[in-house]
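Engineer: Sequence plus predicted model, see below.
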Amino acid sequence: MLDGPRLATLSGTAPTGLVVLLHGYGSNGEDLISLARMIQPTLPDAAFVAPNAPSQIPHMAAAYQWWPIDTFSTAERAAGAAAAAPALDAFLTAELEAAGLTGDRLLLVGFSQGTMMALHVGLRRKETVAGIVGVSGMLVAPDLLEADIRSRPPVLLIHGTEDEVVPFRSMDLANAALTAAGVPVEMHVSPGLGHSVGQDGLDAAAAFARTVIG
C-alpha cells in the first residue's frame, strides 16, 4: 500500500476534505507536502497526504517513480500510467474510507509525472472527485480518454512557459482533449517559469481548491 507524509487539519477538527498530492519523477512525498503547507491556510478543515510513488529509482536515495522513464515515448507513458493506476486508485479509496469522506470531498494535486497520474486515475474513478490540479504535466494517452472516462471533475492546469522538461504546449494539448471529453478545464499560465510551480501557480491552486472543497 502507498503511504507518505501527512498533515492533519489546521483547525484540529475531523477533516471535511482530503487533498492528495502526487509528486513527480525522482521526487518524494516530502517535496509535495511542503506545497500542502502553503495551501493549508486556505483549507483549514482539510487533511493532506503526499504518498511516495510505488517504486524507488535504483541507486538514488529517497527518489521515487510512478513508472520508469527510459524513452519518454507515448507508449511508455500509457503503459506506465496504466500499470501504476490500480495502486493509486486503491490508496484513494482507502484514504477516503479512513477519513469517513466521499469522493466529492477529494482533491487531487499532481506535479509532472504526478499530474499524469492524477488525470489518468481521477478521470477513471466511478465516484467523481471534487477536482484535479495538474502542474507542469500532461495528459497520458488522450486517444483512450473517450473510451475510458467515467467521471468529469473540474480540472485546473498550471504550466510555466519555459518548462524545459514537459513542454508548455502540453497544457493546450491536454485542454483540447479534456474539453472534447466534456471535462470543465481552467488554465493558468506562469510566464517565464520553468519546470516548477511559482507563487502565482500556488495562488491559483489555492483559489481552485477553496472553490471545490472549501
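Structural biologist: Done, it's in.
Engineer: From now on I want contacts and neighbour counts done on CA atoms only, so please keep to that.
Structural biologist: Fine.
Engineer: tell me the centre residue of this structure?
Structural biologist: Geometric centre of the chain, nearest residue: residue 110, 2.4 Å, by CA atoms, centre = their mean.
Engineer: helix, strand or coil for the residue lying farthest from the centre of the chain?
Structural biologist: Most distant from the centre of the chain: residue 59, at 25.9 Å, with distances by CA atoms, centre = their mean. Recorded secondary structure, residue 59: coil (DSSP: H, G, I helix; E, B strand; the rest coil).
Engineer: Tell me the spacing between it and residue 26.
Structural biologist: Distance, residue 59 to residue 26, using CA to CA, to the nearest Å: 11 Å.
Engineer: Same question for residue 93.
Structural biologist: Distance from residue 93 to residue 26, by CA to CA: 25 Å.
Engineer: Report the buried residues of the strand or helix carrying residue 147.
Structural biologist: Residue 147 is part of helix 142-148 when elements are defined by DSSP states H and E. Going by neighbour count (16 or more other CA atoms under 10 Å), the buried part of helix 142-148 is 142, 145.
Engineer: List the residues that contact the residue nearest to the centre of the chain.
Structural biologist: 21, 22, 23, 24, 116, 117, 118, 132, 133, 134, 135, 137 (CA atoms under 8 Å, 6 or more residues apart in numbering).
Engineer: what does the average pLDDT come to for the longest helix anywhere in the chain?
Structural biologist: Longest helix of the chain, by residue count under DSSP state H: helix 74-99. In this model, helix 74-99 carries a mean pLDDT of 96.
Engineer: again with stretch 152-165
Structural biologist: On average, stretch 152-165 scores 98.
Engineer: And for stretch 199-214?
Structural biologist: Rounded mean pLDDT across stretch 199-214 is 95.
Engineer: So what's the gap between it and the chain middle?
Structural biologist: 13 Å (CA atoms, centre = their mean, to the nearest Å).
Engineer: hmm, who's touching that stretch?
Structural biologist: Contacts for stretch 199-214 (CA under 8 Å, 6+ apart): 17, 35, 38-39, 42-43, 105-107, 130-131, 133, 156, 158, 188-190.
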